[in-house]
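K.L.:
below is the sequence, then the predicted model.
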Amino acid sequence: MTMQDLNIAFIGGGNMAEALIAGLRRAGHAAERIIVAEPQAARRDFLSNSYQIKAVAENSVAASAADLLVLAMKPQQMKAAVTGLGLHLKGDTSVISIAAGVTTASMRAWLGAAANIVRVMPNTPALVGAGMSVLFSDADELHKQRTEYLLDACGESLRVEKESQLHAVTALSGSGPAYFFLLTEVMQATGEKLGLSPELAAKLAAQTALGAGKMLTESDRSAAELRHQVTSPGGTTQAALDVMYEMGLPDAVRKAVLAASKRSEELAG
Ligand SMILES: NC(=O)C1=CN([C@@H]2O[C@H](COP(=O)(O)OP(=O)(O)OC[C@H]3O[C@@H](n4cnc5c(N)ncnc54)[C@H](OP(=O)(O)O)[C@@H]3O)[C@@H](O)[C@H]2O)C=CC1
Ligand SMILES: O=C(O)[C@@H]1CCC=N1
């Protein structure tokens, strides 16, 4: 079976599932090979209309169709949703959990020892093909490669060798888009306070985020070097950065990333 022939099923059709479905469709995976099980009728309608995929209410229908099954509920919803689902899986189905914290051992306890489990921490930029996903799995290589087919349709993917590293990964790339969005929101609002129209302030903040991101990924210079290049001595950037340091922004970001990692550990139970 080629990767394009995989039947890919999602259980839970929320924000992150939608981002992965959008990535798959954008990369050309056939709509009739994607199915989502989602409890809310309005959300099912939205997903089937937006991506031309099949949306059903019963998890077992999606699970039994799957070569690749993506569990995309909240961590707290996972145990109830997947207990008993193992009965509906084909023997060689690859089961991907994207839930923060929930361990491979817990998934095996709920799904059955034979389940081929891959843990993934994706992020929402998958929606626009710019995702960063990290996987961990102790299952056979085939299951990791199938997972990479899905993830690479949505951006970039990497592997980690230790499951415990997923806490840090979650704190950086899983939650990370929200940190940049908050910064952008504040820049935009302040631009408006300084007299720019909402449209202009939004455009300047967003395009600046995109430009900074492209420089970080495409240039071989470090983030610190790129920052220095913007910062003329005695100039405007220096005035802004002085305030950021005085008010403890680096320390706040450090503590925020540590809090996200700790929360991931707590969700592991
Ligand atoms: N959002 C993100 O940026 C990222 C999220 N993740 C992980 O992805 C997972 C989903 O997050 P997110 O998409 O934000 O959450 P959402 O709440 O948007 O999506 C979860 C969906 O699953 C549905 N659901 C709940 N219970 C069941 C069930 N028993 N069977 C089938 N579907 C069910 C929910 O319905 P209802 O609303 O009715 O409960 C909801 O539509 C989480 O585990 C999270 O840790 C990972 C990386 C990034
Ligand atoms: O906030 C969360 O718990 C999920 C995991 C990473 C991003 N969103």
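P.N.:
Noted; the coordinates are in hand. Ligands and ions are numbered 1, 2, ... in the order given.
K.L.:
how about the strands in the stretch 1-150 of the chain?
P.N.:
With strands called from DSSP state E, counting those that start in this stretch, the stretch 1-150 of the chain shows them at 8-11, 34-37, 54-56, 68-71, 94-97, 116-121, 131-137.
K.L.:
and of those, who's closest to ligand 2?
P.N.:
The minimum distance between ligand 2 and the strands of the stretch 1-150 of the chain falls on strand 116-121, with 6.9 Å, by C-beta to the nearest ligand atom. (Glycine included, C-beta is placed from N, CA and C.)
K.L.:
before we move on, back to that, mind putting the strands of the stretch 1-150 of the chain into CSV with mean pLDDT?
P.N.:
Converted to CSV, the strands of the stretch 1-150 of the chain look like this (pLDDT from 0 to 100):
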stretch, mean pLDDT
strand 8-11, 98
strand 34-37, 98
strand 54-56, 98
strand 68-71, 97
strand 94-97, 97
strand 116-121, 98
strand 131-137, 98
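K.L.:
and those as CSV, adding distance to ligand 2?
P.N.:
What follows is those, written out as CSV (distance: least, C-beta to the nearest ligand atom, whole Å):
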stretch, distance to ligand 2
strand 8-11, 16
strand 34-37, 19
strand 54-56, 22
strand 68-71, 13
strand 94-97, 12
strand 116-121, 7
strand 131-137, 11
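K.L.:
which ones are touching the one residue in the stretch 51-200 of the chain that gets nearest to ligand 2?
P.N.:
Residue of the stretch 51-200 of the chain nearest ligand 2, by C-beta to the nearest ligand atom: residue 174 (3.3 Å). Each residue near residue 174 by C-beta atoms under 8 Å, 6 or more residues apart in numbering is listed here: 100, 121-123, 260.
K.L.:
if you set the cut-off to 6 Å instead, what comes out?
P.N.:
121, 123 (C-beta atoms under 6 Å, 6 or more residues apart in numbering).
K.L.:
same question for residue 23.
P.N.:
126, 129, 153-154 are the contacts of residue 23 under C-beta under 6 Å, 6+ apart.
K.L.:
now it. Nearest residue, chain neighbours left out?
P.N.:
Nearest non-adjacent residue to residue 23, counting by C-beta to C-beta, 6 or more residues apart in numbering: residue 154, 2.9 Å away.
K.L.:
coming back round to it: got JSON lines for the strands of the stretch 1-150 of the chain, with distance to residue 235 and mean neighbour count too?
P.N.:
Below are the strands of the stretch 1-150 of the chain laid out as JSON lines (distance: least, C-beta to C-beta, whole Å; neighbours: other C-beta atoms under 10 Å):
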{"stretch": "strand 8-11", "distance to residue 235": "49", "mean neighbour count": "28"}
{"stretch": "strand 34-37", "distance to residue 235": "51", "mean neighbour count": "25"}
{"stretch": "strand 54-56", "distance to residue 235": "53", "mean neighbour count": "19"}
{"stretch": "strand 68-71", "distance to residue 235": "48", "mean neighbour count": "28"}
{"stretch": "strand 94-97", "distance to residue 235": "48", "mean neighbour count": "27"}
{"stretch": "strand 116-121", "distance to residue 235": "39", "mean neighbour count": "25"}
{"stretch": "strand 131-137", "distance to residue 235": "32", "mean neighbour count": "23"}
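K.L.:
got CSV for these, with distance to residue 208 too?
P.N.:
Shown next, in CSV, are the strands of the stretch 1-150 of the chain (distance: least, C-beta to C-beta, whole Å):
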stretch, distance to residue 208
strand 8-11, 34
strand 34-37, 35
strand 54-56, 37
strand 68-71, 33
strand 94-97, 34
strand 116-121, 27
strand 131-137, 20
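K.L.:
re earlier: may I have the phi/psi pair for the residue nearest to residue 23?
P.N.:
Backbone torsions for residue 154, taken as degrees, to the nearest 10, come to phi -110, psi 10.
K.L.:
what's the distance between it and ligand 1?
P.N.:
Residue 154 sits 12 Å away from ligand 1, going by C-beta to the nearest ligand atom, to the nearest Å.
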